[in-house]
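> no sequence on hand, only this structure:
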């Protein structure tokens, strides 16, 4: 860890001593945003009961955050390129913290849903420019290690979310799930004002029309996926998907015509960038499938309790936390593409091993499989992110950062939708009267994840050939 804050002649970025506070700010902001994406899920039944709301209404406490966050990622990343990443990050912290305070004080469902959307708006600002800020804080020689640290923080938030949420809910009640963000947000903002680099943006106009079109396209896509998965109104899935495609096409046409585009499409001319983004999206889709399918496998089929299910899953994020910094250091020294490809191979083998689990698997049988997935994903994520961010000019870091965050968000959403569709279709056709009948759809979902993992390997392996040809 001390290597991250070392200095060498000719280093760009912040001096080593100044990096510590800047990194602390990014860690706090990222953890708050990632945790709030999942920490509330465990409290939804309690919130529904105390606020006298239906389950279908209460689910929007979770969905509003995810929807608004997804809609804002590209726009805030582009705004960071124009005015500077520091200003966007500070704005996001303020909005997120104030919205958290409002959520904690809410005593009605509609205001709570609205404030959760505002929370997602703030989270989009911090998450969209976070990776770009790492690039301005750290010298180029440490970029891989810095991105490994970023992956560690995200994995930590994902791993700790259910446990922290359950603990707070049991001891303090659901409003404290939001109130805990207030002191953290205030402290983070005060430090960030002095610690984050004051580099200005490239200037120029912000593409408001592009922001509107991209938000419509991305938001409609999230709602369409929810509809297909049974979380929303399935009758609206096709019109929403059509709206997403139309808005997306108009967005691309507009980006080619406008002088200062929201998302400069020329970054996709870099095959390194495009293939890294495609690899990231497919890998996160496979991960999303596994994250949703495993609780059904562990609890509904194998009979483990929710707490035991969480413990069986925990080796995955714990190994990611351990492997991420190592993979980051390796990607600083060697070509990151073979490292990330090897990680995908191990990750996919881990998914295969999980898909082969029977209804009576022991704890030991499960733990090594989830650990194998974590090992592979840990060695994939940081090197691939390094390749993606390192393949674009520094002034396009915001755009690359937004694409990276969007790949994660939409990949995981699509993965969750695949599982929901498979389980919903199975529920329509099969009566749950025997384990042998109910395990089949879960296995099918996991094998779909394996297939998508193989696709990710193919895309990533093609990059190795491309590097050799170049």
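Alright, I've got the coordinates. Keep in mind it's a predicted model, so treat the numbers as computed, not measured. Numbers count the residues shown, from 1 in each chain.
> packing partners of the longest helix along the chain?
In the chain, with assignment by DSSP state H, the single longest helix is helix 435-469. Judged by 3 or more C-beta pairs under 8 Å, 6 or more residues apart in numbering; DSSP states H and E, helix 435-469 is in contact with helix 271-295, helix 336-355, helix 397-429. Backbone N, C-alpha and C define where each C-beta goes, glycine included.
> excluding chain neighbours, what is closest to residue 381?
Of all residues not flanking residue 381 in the chain, residue 151 sits nearest, at 4.6 Å (C-beta to C-beta, 6 or more residues apart in numbering).
> orientation of the helix or strand in which that neighbour is found relative to helix 397-429 in degrees?
Assigned by DSSP states H and E, residue 151 belongs to helix 143-171. Taking axes from the mean of the first three to the mean of the last three C-alpha atoms, to 10 degrees, one finds helix 143-171 and helix 397-429 inclined to each other by 50 degrees.
> wait, residue 209 sits on residue 258?
Yes. Counting by C-beta atoms under 8 Å, residue 209 does reach residue 258; the two are 7.4 Å apart.
> that older thread, neighbours of the residue nearest to residue 381, how many?
27 (other C-beta atoms under 10 Å).
> what of the one 3 residues further on?
The number of residues packed near residue 154 is 22, by other C-beta under 10 Å.
> same thing with residue 408?
Count around residue 408 with other C-beta under 10 Å applied: 21.
> related to what we said a few turns ago, check contacts around the residue nearest to residue 381.
Contacts for residue 151 (C-beta atoms under 8 Å, 6 or more residues apart in numbering) come out as 320, 324, 328, 378, 381, 382, 385.
> with residue 267 instead?
273, 392, 396, 399, 400, 403.
> residue 366 sits in which helix or strand?
Short version: residue 366 belongs to helix 363-390, going by DSSP H and E.
> may I see the buried residues of that helix?
366-367, 369-390 (16 or more other C-beta atoms under 10 Å).
> can you show me the helices along the stretch 1-150 of the chain?
16-36, 44-50, 55-83, 85-105, 109-137, 143-171 (DSSP state H, counting those that start in this stretch).
> include mean pLDDT when you put those into CSV, please.
Below are these laid out as CSV (pLDDT from 0 to 100):
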stretch, mean pLDDT
helix 16-36, 84
helix 44-50, 79
helix 55-83, 81
helix 85-105, 93
helix 109-137, 88
helix 143-171, 71
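> comparing these, which comes out most buried?
Highest mean neighbour count among the helices of the stretch 1-150 of the chain (mean count of other C-beta atoms under 10 Å): helix 109-137, with a mean of 25.
> where in the protein is the helix or strand with the lowest mean pLDDT?
Here the helix or strand of the chain ranked lowest by mean pLDDT, DSSP states H and E is helix 143-171, holding a mean of 71.
> just how off-centre is it within its chain?
How far helix 143-171 lies from its chain's middle: 11 Å, per C-alpha atoms, centre = their mean, to the nearest Å.
> now that helix against helix 16-36, angle please.
Using the same axes, to 10 degrees: helix 143-171 against helix 16-36 is 40 degrees.
> after helix 143-171, which helix or strand is next?
Counting by DSSP H and E, what follows helix 143-171 is helix 175-179.
> run through who's touching that next one.
With C-beta under 8 Å, 6+ apart, helix 175-179 has contacts from 36, 39-40, 43, 100-101, 103-106, 119, 165, 168-169.
> in the longest helix of the chain, which residues are buried?
438-439, 441-450, 452-457, 459-463.
> quick revisit: okay, the helices and strands packed on helix 435-469 in JSON lines with distance to residue 59 and mean pLDDT next?
Formatted as JSON lines, the helices and strands packed on helix 435-469 follow (distance: least, C-beta to C-beta, whole Å; pLDDT from 0 to 100):
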{"stretch": "helix 271-295", "distance to residue 59": "15", "mean pLDDT": "86"}
{"stretch": "helix 336-355", "distance to residue 59": "27", "mean pLDDT": "92"}
{"stretch": "helix 397-429", "distance to residue 59": "12", "mean pLDDT": "75"}
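> how about those in JSON lines, adding distance to residue 242?
Shown next, in JSON lines, are those (distance: least, C-beta to C-beta, whole Å):
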{"stretch": "helix 271-295", "distance to residue 242": "21"}
{"stretch": "helix 336-355", "distance to residue 242": "33"}
{"stretch": "helix 397-429", "distance to residue 242": "17"}
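> who wins for proximity to residue 19 among these?
Closest to residue 19 of the helices and strands packed on helix 435-469, according to C-beta to C-beta: helix 397-429, at 16.7 Å.
> and the closest one, what other elements does it pack with?
Using 3+ C-beta pairs under 8 Å, 6+ apart: helix 397-429 touches helix 55-83, helix 109-137, helix 208-228, helix 271-295, helix 363-390, helix 435-469.
> okay, buried residues for that helix please.
Neighbour count says helix 397-429 has 397-423, 426 buried, by 16+ other C-beta under 10 Å.
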